[in-house]
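Peer 1: Give me the fold of what follows.
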Amino acid sequence: MSAESSDPGHGHSPAAWTAVVIMLIGVIAGTIAFWFEQPWIVVACGVVVVIGPIVGAIMAKAGYGVNGPKYQPKGH
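Peer 2: A predicted model of the protein is given here:
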């Protein structure tokens, strides 16, 4: 392998983390609502899950994605 890598960063960016956290909250809340038989909350949480990637895409276009100017990679 070469020393240079075209590794996109595996989504370690504020945009990716925000999208995943929003979707995770939607899934957890929706699961709890399903368990308590609250269909309107389940549907609302489904909408939240769909909004997650949209927010991530908006943040990536605003510069918080892996290759964005506002992203600062962390050393491992």
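Peer 1: Residue 53 sits in which helix or strand?
Peer 2: Taking DSSP states H and E as the criterion, residue 53 maps to helix 39-59.
Peer 1: cool, and residue 26?
Peer 2: Under the criterion of DSSP H and E, residue 26 resides in helix 14-35.
Peer 1: Can you give me every residue that contacts the spatially most central residue of the chain?
Peer 2: For the chain, the residue nearest the mean C-alpha position is residue 19 (1.7 Å; C-alpha atoms, centre = their mean). Applying C-beta atoms under 8 Å, 6 or more residues apart in numbering, we find residue 19 in contact with 52, 53, 55, 56, 57, 59. The way it works is simple: take the backbone N, C-alpha and C, and place the C-beta from them, glycine included.
Peer 1: ok, for it, nearest residue in space, not its chain neighbours?
Peer 2: Sequence neighbours aside, residue 56 is the residue nearest to residue 19 in space, at 2.8 Å (criterion: C-beta to C-beta, 6 or more residues apart in numbering).
Peer 1: same check, this time on residue 29
Peer 2: Spatially, and ignoring its direct neighbours in sequence, residue 29 is nearest to residue 45 (4.8 Å; C-beta to C-beta, 6+ apart).
Peer 1: Name all residues that make contact with the one you found.
Peer 2: Residues in contact with residue 45 (C-beta under 8 Å, 6+ apart) are 26, 27, 29, 30, 33.
Peer 1: Turn the residues you listed into JSON lines, columns for distance to residue 68.
Peer 2: Listed next are the contacts of residue 45 as JSON lines, based on distance: C-beta to C-beta, whole Å:
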{"residue": "26", "distance to residue 68": "24"}
{"residue": "27", "distance to residue 68": "26"}
{"residue": "29", "distance to residue 68": "29"}
{"residue": "30", "distance to residue 68": "30"}
{"residue": "33", "distance to residue 68": "35"}
